[in-house]
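Asker: Just the structure for this:
(one chain, ligands or ions: 1)
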Amino acid sequence: SESRKYTGIVEDCCCDYETVDALNEEALHPTLQELVTTPFFRYFKVKLWCNCPFWPDDGMCRLRDCSVCECPESEFPEPFKKPFHGLAADDLMCQEGKPEATVDRTLDNKVFRGWIEVDNPWTNDDETDNAEMTYVNLQLNPERYTGYTGPSARRIWEAIYAENCPKYPSGEMCQEKKVLYKLISGLHSSISIHIASDYLLDETKNLWGENLELLYVRVLRHPERVKNLYFTFLFVLRAVTKAADYLEQAEYNTGNLEEDLKTQSLVRQLTYNPKLQAACPVPFDEAKLWQGESGPELKQQIQKQFRNISALMDCVGCEKCRLWGKLQVLGLGTALKILFSVDHPNIINQPLQLQRNEVIALMNLLNRLSESVKFVHEKGPYVERIMER
Ligand code: FAD
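Answerer: Have a look, this model is predicted:
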C-alpha cells in the first residue's frame with residue numbers, strides 16, 4: 001500500500017486524517033450516497049436566474065439559451081404550484097450556451113411538506129424569497145465539468161477570497177477569518193475534484209471520465225487545498241452531528257411513506273453513528289471560536305461577509321455551476337448557523353430552526369465533500385507518484 005502523505009490531526013480539528021478516511025469509507029460515504037437519492041433530499045429549491053449585483057457588464061451572464069426555460073407547469077410538485085407568469089424571451093438570461101452547463105429541470109411528482117420557512121441570516125438566498133424559485137432534481141444534474149472557465153469564473157473566486165475578516169483592535173487577524181477562508185478553499189477544492197472526476201474527455205464522442213492530471217494541477221499539487229478539504233468536511237460533519245436531535249425529529253414527508261421512513265433511518269444512521277462517536281465524536285470544536293468580548297459584533301460582520309459570498313453566486317455564468325455553487329454555499333451557511341447560533345454564552349440565541357432547503361443543502365454538501373475526500377484518498381497517492389516522477 002502507498003505511504004500516507006497526510007497524517008496526524010486535521011488542522012484546527014479534532015480527528016486525524018487516517019480516522020477521517022476510514023470513517024468516510026466505512027460509514028459516512030455509503031449512507032450519504034443513499035440519502036441524497038431519497039425523494040426528500042434530491043430536490044432543491046433554487047433561483048437560477050442570473051441576477052448579478054456586482055458586475056452588470058458580465059458577458060457570461062448575458063448569453064441566452066432558451067432551452068432551459070421549458071419548464072412545463074405540470075412537472076411541478078402540486079403544493080408548490082404558483083400562478084405562472086409568462087416571461088418575455090428577453091428576461092431569460094444566463095446561459096453559457098453549452099449543453100453540459102444546462103440544468104435539467106425535469107421533476108417527478110414527489111413532494112415534501114411540513115417544513116416552516118424561516119430566514120437564514122447567513123445567506124443571501126432564502127427559501128422565503130419565492131420569486132423566480134424553481135425546483136431542481138439534483139440527481140439529474142451531477143456536479144461535474146461544464147466548460148465554465150476564464151475571467152468570469154476567476155473573477156468570482158477572487159471576489160470570494162477577497163471577502164475579509166475584520167481585524168481585532170490589536171491588529172491581529174482573527175481565527176474566524178482563517179476558518180472562513182479554509183471553508184471556501186475546501187469547497188473550491190471539492191468543486192475542482194468533481195470537475196476532475198467527471199470530465200468531458202472528448203467532446204465529439206461525448207466521452208466522460210477522470211482527468212487525473214487536472215486533479216493534480218488544481219488540488220493535489222497544493223497540499224493546503226487538500227487539508228482545507230478535510231477541514232471543511234469535518235466542519236460540516238460537526239454541524240450535522242450537532243443538529244442531530246433536530247434533524248432526527250424533522251419531518252421528511254414527501255407523501256411516500258416507505259421512502260420517507262428510509263430517509264428518516266438514513267438520517268439517524270448519519271447523526272447517531274456509533275463508529276463516528278467512537279472514533280471522532282467532535283470533528284470540530286466550535287467552542288474555541290467567538291470568544292472574547294466582541295463576539296456578537298464579530299459574528300454579525302462575518303455573517304455579512306458570508307451573505308456577500310452567497311450573493312456572488314448570482315454572478316456565476318453557468319447554470320449548473322450556479323446551482324451547485326448556491327447549494328453548497330447555502331450548505332456552508334447552514335453549518336455556520338448551526339455551529340454559531342447555538343449555545344454561545346455571549347450571544348443570545350433562538351432555538352435552532354432550519355428550512356427544508358437548508359437541510360437539503362447541508363446533507364448534499366456533506367455528500368459532495370465526502371465524495372471528494374474519498375476520491376483524493378483513493379487516487380491521490382497514485383497520481384502524485386506518477387506526476388512527481
Ligand atoms: P480556478 O479553480 O478558477 O481558481 C482560481 C484561482 O483560485 C487559482 O488560480 C488559485 O490561485 C486559487 N485556488 C484554486 N483552488 C483553490 C483552493 N482550493 N483554495 C484556495 N485557492 C484556490 N466549473 C465546472 O466545470 N463545473 C462546475 O460545477 C463549476 N462550478 C463552479 C462554481 C462556482 C461557484 C465557481 C465560481 C466556478 C465554478 N466552476 C465550475 C468553474 C471552476 O471552478 C474554475 O473556475 C474553472 O474550471 C477554471 O479553473 P482555473 O484553473 O482557472 O482555476
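
Asker: Isn't residue 371 up against residue 29?
Answerer: Yes. Taking contacts as CB atoms under 8 Å, residue 371 lies within contact range of residue 29: 7.2 Å. The way it works is simple: take the backbone N, C-alpha and C, and place the C-beta from them, glycine included.

Asker: who has more neighbours, the two?
Answerer: It is residue 371, of residue 371 and residue 29, that has more neighbours when counted by other CB atoms under 10 Å, with 20 against 16.

Asker: What strand or helix carries that one?
Answerer: helix 356-387 (DSSP states H and E).

Asker: That helix - contacts with which helices or strands?
Answerer: Here helix 356-387 touches helix 17-23, helix 29-35, helix 39-42, strand 43-47, helix 175-197, helix 212-215, helix 223-242, helix 319-341, going by 3 or more CB pairs under 8 Å, 6 or more residues apart in numbering; DSSP states H and E.

Asker: Run the chain-centre distance for the fifth one.
Answerer: In terms of CA atoms, centre = their mean, to the nearest Å, the centre of helix 175-197 is found 10 Å from the chain centre.

Asker: Dump that helix to CSV, keeping only the CA atoms.
Answerer: Extracted in CSV, the C-alpha atoms of helix 175-197 (Å, rounded to 0.1, in the frame of the first residue of the first chain):
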residue,chain,number,x,y,z
GLN,A,175,-9.2,33.0,13.8
GLU,A,176,-12.7,33.2,12.3
LYS,A,177,-11.2,34.7,9.1
LYS,A,178,-9.0,31.7,8.8
VAL,A,179,-12.0,29.4,9.3
LEU,A,180,-14.0,31.2,6.6
TYR,A,181,-11.0,31.1,4.2
LYS,A,182,-10.5,27.5,4.9
LEU,A,183,-14.1,26.6,4.4
ILE,A,184,-14.2,28.4,1.0
SER,A,185,-10.9,26.9,-0.1
GLY,A,186,-12.1,23.4,1.0
LEU,A,187,-15.3,23.9,-1.1
HIS,A,188,-13.2,25.2,-4.0
SER,A,189,-11.0,22.0,-3.8
SER,A,190,-14.1,19.9,-3.8
ILE,A,191,-15.6,21.6,-6.8
SER,A,192,-12.3,21.1,-8.7
ILE,A,193,-12.2,17.5,-7.7
HIS,A,194,-15.7,16.9,-9.1
ILE,A,195,-14.6,18.6,-12.3
ALA,A,196,-11.6,16.3,-12.5
SER,A,197,-13.5,13.1,-11.6
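
Asker: Would you mark the buried spots in the next helix or strand along the chain from it?
Answerer: Downstream of helix 175-197, the next assigned helix or strand under DSSP H and E is strand 199-202. Within strand 199-202, the residues that qualify as buried are 199, 200, counting by 16 or more other CB atoms under 10 Å.

Asker: close to the ligand, is strand 199-202?
Answerer: No. With CB under 6 Å from any ligand atom as the criterion, the ligand is not reached by strand 199-202; the gap is at least 8.3 Å.

Asker: residues in the stretch 201-350 of the chain within reach of the ligand, list them.
Answerer: 218, 225, 316, 320, 321, 324, 325.

Asker: Contacts for stretch 224-232 next, please.
Answerer: 6, 10-13, 17, 20, 182-183, 185-190, 192-193, 218-220, 284, 332, 369, 372-373, 376, 380 (CB atoms under 8 Å, 6 or more residues apart in numbering).

Asker: Now which of those would you call buried?
Answerer: Using 16+ other CB under 10 Å, the buried members of the contacts of stretch 224-232 are 6, 10, 12-13, 17, 20, 182-183, 185-190, 192-193, 218-220, 284, 332, 369, 372-373, 376, 380.

Asker: just to revisit the earlier point, show me the one of the helices and strands packed on helix 356-387 that comes nearest residue 255.
Answerer: Closest approach to residue 255 among the helices and strands packed on helix 356-387 (CB to CB): helix 39-42, 8.4 Å.

Asker: And what about residue 143, helix, strand or coil?
Answerer: Three-state assignment for residue 143 (DSSP: H, G, I helix; E, B strand; the rest coil): coil.

Asker: got the contact list for it?
Answerer: Per CB under 8 Å, 6+ apart, neighbours of residue 143: 191, 194, 198, 320, 324, 368.

Asker: Give me the nearest residue to the third one, chain neighbours excluded.
Answerer: Of all residues not flanking residue 198 in the chain, residue 144 sits nearest, at 3.4 Å (CB to CB, 6 or more residues apart in numbering).

Asker: And for the fifth one?
Answerer: When the adjacent residues along the chain are set aside, residue 324 lies closest to residue 143, with 4.3 Å between them (CB to CB, 6+ apart).
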